[in-house]
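1. coordinates only, no sequence provided:
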């Protein structure tokens, strides 16, 4: 894949003359931006980030920036008009964890050169957000805690079993902020609604506490919801190191007045998103075709319906994101789909056989007739 | 020398090809690791295959190749596990097959055909460096290292005591005092298997240094980890949540008391305090601790009087990296193998053999295939009633190849082994009657 480098200048006023006559060691650092944007579990999926890791290793940048923009709930959340089909998928929590660890350990730069830039994060993506120690946020950006974990164990009636399942999921989810080096008090409040969150200061150091007594600021005092930060509050408690407007701004805060960007990672992710989403749209149309033709009742209709379903099956097998959305939006499991296709094949074969038999039967009947009187 | 060997191999292979040209029944196999074998019935072969997740090597003659791809059955007559027998092996269970005389490098240690002292990456086909044998009769690794076993998935089906026993056998070849690392990533599983694991690990610890490196050790996974001499976490690690339940109901009364005691005892056998371990099993227990700011000594309390709360009586305990390390319940945190090597006092990460990775890979691959294939068989049973007998026979074969999956994970599809046999018999009788009637 062709790599392109474009030079971004943080600010022309601050542009120095150091580039002139500089050798390679003076070159502007190359920044590799990895987008985490869209739906967790489909747009943000381990599959594509394996390719991104490979690509980043080829590019060998000086700095990696994760640009996170994945929110299950719109800014106008009181309207509740969000498309629930686009909310992050939780089933793959451990796959996200492994993906995060792969990114942290297999990229060509160590974690001190990996920056998390949160444009907006509400839902499962907040676990990713908290997995990196160096966080910057966009103006107006959100970093909301993760409400869904409490629901994972609610299906269990027995209180002890429910407690077990809950503890296990909380334990796994806590691994993300642990990887980011954040204190347990913060992760408790971001994951479990029953924990409050306040901060106190010891010199320049911020201490998070789940006990609001003695704290200076209260972040969350509700036992019904998890802690929520916006760019301002996150910066005030030093969870975020700064609030930025764009990449230039971020690079400036990081101390780089000049930098080059390698955009191949962004291209990879954008292409992937576009392709699976286009394929998924086609699936909707193929499924409709299949339904329409199946009701036709003839063998030709059945054949056409089968062909349409085969296309859906192939798409699901090719893109895990498509498979996930087929399951979520249409309740279609690939194996069941395969079974349905097998059954249709059999029905078609039987239909053809009986058609032939009828023709054959007619022939012999005629023959029989000839032999009669 | 090498060229001469290659030439002789080539000649042998060419001779083989010419010879087989004259014989009609030639067979060709392509194996999962990319290697292949081509030959005819009667050929003498060394075949490495997996049976119930255990890799075995057999030398003998191909008696017969039966069936259709990918379910061909290769019957080999020869020596296996010290006795002469005819063994029917599914082609998908074969790891490698070589005609004797082909380029098989026999290395002292690598009787399983895997790389030893090879630096650890999984995958076959590496150049095998020789390992020396010491005067004490044990194999000597070229440098200090570990025996690494990924131990992942449901305890009892995917993560089993048999795998631990197998890596132990490998370590035993190198004498006592080896480091065995279990990389645990398990959501828990069968209590029955917990007993086997306990027995295996307690025995193993008498000979070797057993280390748990935890990504996730939930329930029976935690029980396993507690046995180990040392416990390390990945930064994302989680350990605990070991409430035992049957169906949807948690155990209680004497059964619960016994399980709590077991957990505590095992923790103590591993050199750890029983108080936090017991909190992993029930909500009724509590744990907190004080830490001496100078010496760092930790004092545990079975209530909430300590400065640092670990578990109150409303929750079940799952430890994370921070509180596990701060309370000294674990020995360290390592995100990578290199970081673990430092904690283990090794100069670098070095895997003495890749046997553990192979054990894991082979068993998981087999289980995956079992799950997929059984689903397909169950579907075909509905769609193709005329094939009922052969499909049920296929299910029976899976019982032999992968019993834990059939028994626990897949919930005895088509019934137990015995029930399946009876169903097949019934079906046969029924068909015979139908034939007679017609």
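-> Cool, the structure landed. This is a predicted model, so every value here is computed, not measured. Numbers count the residues shown, from 1 in each chain, chains lettered A, B, ... in the order given.
2. CA atoms for contacts and neighbours, from now on please.
-> Noted.
3. domain-wise, how is chain A divided?
-> Partitioning chain A according to automatic domain parsing yields domains covering residues A:5-262, A:273-355.
4. the last one and chain B in contact?
-> By that I understand domain A:273-355. Yes: taking CA under 8 Å from any CA of the partner chain as the criterion, domain A:273-355 and chain B are in contact, through A:339, A:342, A:343, A:346.
5. burial of residue A:155, as a residue count?
-> 9 (other CA atoms under 10 Å in any protein chain shown).
6. that one should be in a helix, yeah?
-> No: in this structure, residue A:155 is coil, not part of a helix, as judged by DSSP: H, G, I helix; E, B strand; the rest coil.
7. the helices in the stretch 1-150 of chain A, which residues?
-> Counting by DSSP state H, counting those that start in this stretch, the stretch 1-150 of chain A has helices at residues A:46-59, A:93-106, A:125-129, A:149-152.
8. let me know which of those helices is tucked in deepest.
-> Between those, helix A:125-129 has the highest mean count of neighbours, a mean of 27, where neighbours are mean count of other CA atoms under 10 Å in any protein chain shown.
9. list the contacts of that helix.
-> Residues lying outside helix A:125-129 but in contact with it, judged by CA atoms under 8 Å, 6 or more residues apart in numbering or on different chains, are A:40, A:68, A:70-71, A:88, A:96, A:100, A:116, A:118, A:121, A:135, A:143-146, A:173, A:176-177.
10. swap in stretch A:93-103?
-> Residues external to stretch A:93-103 that are found in contact with it (CA under 8 Å, 6+ apart): A:45, A:46, A:49, A:53, A:128, A:131, A:172, A:173, A:175, A:176, B:236.
11. can you tell me the closest non-neighbouring residue to the second one?
-> The reference is to residue A:46. residue A:99 (5.5 Å; CA to CA, 6 or more residues apart in numbering or on different chains).
12. can you tell me the element the residue of chain B found nearest chain A falls in?
-> Of the residues in chain B, the one nearest chain A is residue B:236, at a distance of 3.7 Å by CA to the nearest CA. Under DSSP states H and E, the secondary-structure element containing residue B:236 is strand B:230-240.
13. list the buried residues in that strand.
-> Judged by neighbour count (16 or more other CA atoms under 10 Å in any protein chain shown), strand B:230-240 contains these buried residues: B:230, B:231, B:232, B:233, B:234, B:235, B:236, B:237, B:238, B:239, B:240.
14. isn't the residue of chain B closest to chain A right up against residue A:170?
-> No: when contacts are counted by CA atoms under 8 Å, residue B:236 is not listed as touching residue A:170 (11.7 Å).
15. one step back: which one of the domains of chain A lies nearest to residue B:311?
-> Taking CA to CA as the criterion, residue B:311 comes closest to domain A:5-262 out of the domains of chain A, the separation being 10.7 Å.
16. residue B:304 falls within a strand, correct?
-> No: with three-state DSSP as the criterion, residue B:304 is coil rather than part of a strand.
17. mind checking how far the closest residue to it other than its chain neighbours is from residue B:77?
-> Sequence neighbours aside, residue B:288 is the residue nearest to residue B:304 in space, at 5.3 Å (criterion: CA to CA, 6+ apart). When CA to CA, to the nearest Å is the yardstick, residue B:288 and residue B:77 sit 63 Å from each other.
18. now swap in residue B:164 and tell me
-> 30 Å.
19. so what's the residue of chain B closest to chain A up against?
-> With contacts defined as CA under 8 Å, 6+ apart, residue B:236 is in contact with A:97, A:172, A:174, A:175, A:176, A:178, A:179, B:215, B:320, B:321.
20. figure out the helix or strand that the residue of chain A found nearest chain B lives in.
-> Closest approach between chain A and chain B, counting by CA to the nearest CA: residue A:175, at 3.7 Å. Secondary structure assignment for residue A:175, by DSSP H and E: helix A:159-179.
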